[in-house]
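Asker: Have a look at this prediction, sequence included:
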Amino acid sequence: MAEGPAHEHRSRLRSGRARAVVVAVLVLLAANAAVLSGVFDRSADAEVESRGDVAAAAVALAAAAEPAVEADLDPLAGISLSTAPVTPEVDATVPLPVPENPPADPYAPEPEIRHGMLEIPAIGLSQPLFEGVSLTAINRGPSHWPGTAMPGELGNVVVAGHRTTYTRPFWDLQALQPGDELIFTMTDGTRHVYELDRLDIVGPEDVHIVDQTHAHTATLFACHPRGSARQRIVGHFTMRAETQQVQITDTHQIRAPAGS
């Protein structure tokens, strides 16, 4: 016997209530995580307003948490470099760049130095590339780690950037796919294209991200997850082999017919 409209209506109500409970639980979990980390994305307020009293309470609880200071979102927080020698992958006679240690003071003053532009077309990123890994430099935009390879050079180009504050260049870093391009256009007009190999999530103590190897690579990193400095999201890139221009010499000479 076919079920009537009343039964269908009750089923829809039960389904709607179940979805509402799931949404409420998820919002509570997200708010709890935000309270623990001291960070809450205020942009979510509008989204949860329509999800009932439970969601509203979760938002209020998160909003009451003490706001995070900028140092909590330092991409370099907890990183210290080892002085152990780098094991070369190929010819040991080729010198490698030597990364500098991060400044003891994350707000150490640094002069504003621009190297050019950093672009990732897949996520609509196009910002100036600065020099330095203090927050003074990183707050300006994506910044090159001093002592690591420069774009186009042998070694690993290391760039730090914010995800949720200031110019937040690496907001969508997690959306990249293997093969996506990283483009450096330098102030001297040279252009260097790298392609994504993989993304990693690592702890702040994993300083291998600045290691220099006998290859043309680049590493971008930022805090992870968004709004927290508990981990790092790291993009590993390899420079694309440049297309060699082949000069073709035409040795065939067209000669006019004899007697013409």
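Answerer: Cool, the structure landed.
Asker: residues near Leu135, how many?
Answerer: Neighbour count of Leu135, defined by other Cβ atoms under 10 Å: 26. All C-beta spots, glycine's among them, are computed from the backbone N, C-alpha and C.
Asker: just checking, what packs against the lengthiest strand in the chain?
Answerer: Identified as the longest strand of the chain according to DSSP state E is strand 191-202. In terms of contacts (3 or more Cβ pairs under 8 Å, 6 or more residues apart in numbering; DSSP states H and E), strand 191-202 is packed against strand 181-186, strand 216-224, strand 231-239.
Asker: which of those is buried the deepest?
Answerer: strand 216-224 (a mean of 24; mean count of other Cβ atoms under 10 Å).
Asker: Quick check: phi and psi at the closest residue in space to Glu131 that isn't next to it in sequence.
Answerer: Distances taken as Cβ to Cβ, 6 or more residues apart in numbering place Ile113 nearest to Glu131, at 3.9 Å, with adjacent residues excluded. The phi/psi pair for Ile113 (degrees, to the nearest 10) reads phi -120, psi 120.
Asker: can you count the residues close to Ile113?
Answerer: Ile113 has 14 nearby residues by other Cβ under 10 Å.
Asker: ok, it to Thr93 distance?
Answerer: Distance from Ile113 to Thr93, counting by Cβ to Cβ, to the nearest Å: 31 Å.
Asker: related to what we said a few turns ago, could you give the angle of the longest strand of the chain to strand 181-186?
Answerer: Going by axes from the mean of the first three to the mean of the last three Cα atoms, to 10 degrees, strand 191-202 is angled at 130 degrees with respect to strand 181-186.
Asker: Can you show me the strands along the chain?
Answerer: Using DSSP E, the strands of the chain run over 114-120, 125-131, 143-144, 155-160, 181-186, 191-202, 216-224, 231-239.
Asker: Just list the residues touching Thr167, thanks.
Answerer: Taking Cβ atoms under 8 Å, 6 or more residues apart in numbering as the criterion, Thr167 is in contact with 127, 140-141.
Asker: sorry, back to before: ok, and what's touching the longest strand of the chain?
Answerer: Taking Cβ under 8 Å, 6+ apart as the rule, strand 191-202 contacts 151-152, 157, 173-174, 176-186, 209, 216-218, 224, 231-240.
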